[in-house]
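*Asks:* coordinates for the following, if possible.
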Amino acid sequence: MSKYVLVDALSQFCVRYVIEVPDDHNEREMPCDAKTWAEDTVTMEEAREFSQHFLGETVIGSRELTQEEVLALCDEDNAYVKTWSDEQKIHTFVTSITDQEEKCKEKVEQNGS
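*Replies:* Numbers count the residues shown, from 1 in each chain. Sure, this is the predicted structure:
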């Protein structure tokens, strides 16, 4: 019989911003250098994204779950699906053995092996 394993991971991106800094930035209410002005603009989420590069996922933990725990967690994390059937939730949110086999086949076909 198969098992369910919850894996917690962080997705990481390198995001770049190019910030135009006014010449009089150091004469304003909060004097600072140009770098600090630009960094504060990003921190305040007021910057337009210039580019991004996906760095991958870092697994930070995992644990086995019962099907009942999976369904309860699904309702907690995705409140909009509480009215769905258990089968719909499992089919939509759980990566099945079949899903994994299909991904493996796709990778083999892409690599020509």
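
*Asks:* give the contact list for Glu102.
*Replies:* By CB atoms under 8 Å, 6 or more residues apart in numbering, Glu102 lies in contact with nothing. Backbone N, C-alpha and C define where each C-beta goes, glycine included.

*Asks:* and what about it, helix, strand or coil?
*Replies:* Under DSSP: H, G, I helix; E, B strand; the rest coil, Glu102 falls in the helix class.

*Asks:* same check, this time on Tyr80
*Replies:* helix.

*Asks:* per-residue pLDDT, the residue of the chain most remote from its centre?
*Replies:* Farthest-out residue of the chain from its mean C-alpha position, per CA atoms, centre = their mean: Glu27, at 39.5 Å. pLDDT, Glu27: 73.

*Asks:* ok, it to Glu39 distance?
*Replies:* 19 Å (CB to CB, to the nearest Å).

*Asks:* one more: Gln12?
*Replies:* 19 Å.

*Asks:* give me the more crowded residue out of the two.
*Replies:* A count of neighbours by other CB atoms under 10 Å puts Glu39 above the other of Gln12 and Glu39, at 15 against 12.

*Asks:* and that one, which helix or strand is it part of?
*Replies:* Element membership of Glu39, judged by DSSP states H and E, is helix 34-43.

*Asks:* same check on Glu29?
*Replies:* Using DSSP H and E, Glu29 falls outside every helix and strand.

*Asks:* how many neighbours does it have?
*Replies:* Glu29 - counted by other CB under 10 Å - has 4 other residues nearby.

*Asks:* can you give me the domain boundaries for this protein?
*Replies:* 1-65, 66-113 (automatic domain parsing).

*Asks:* need the strands for this structure, in chain order.
*Replies:* Residue ranges of the strands in the chain, as given by DSSP state E, are 4-17, 49-65.

*Asks:* can I get these in CSV with mean pLDDT and distance to Ile97?
*Replies:* Compiled in CSV, these are given as follows (pLDDT from 0 to 100; distance: least, CB to CB, whole Å):
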stretch, mean pLDDT, distance to Ile97
strand 4-17, 97, 11
strand 49-65, 97, 16
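
*Asks:* Thr92: which of those is closest?
*Replies:* strand 4-17 (14.3 Å; CB to CB).

*Asks:* nice, that's everything, thank you.
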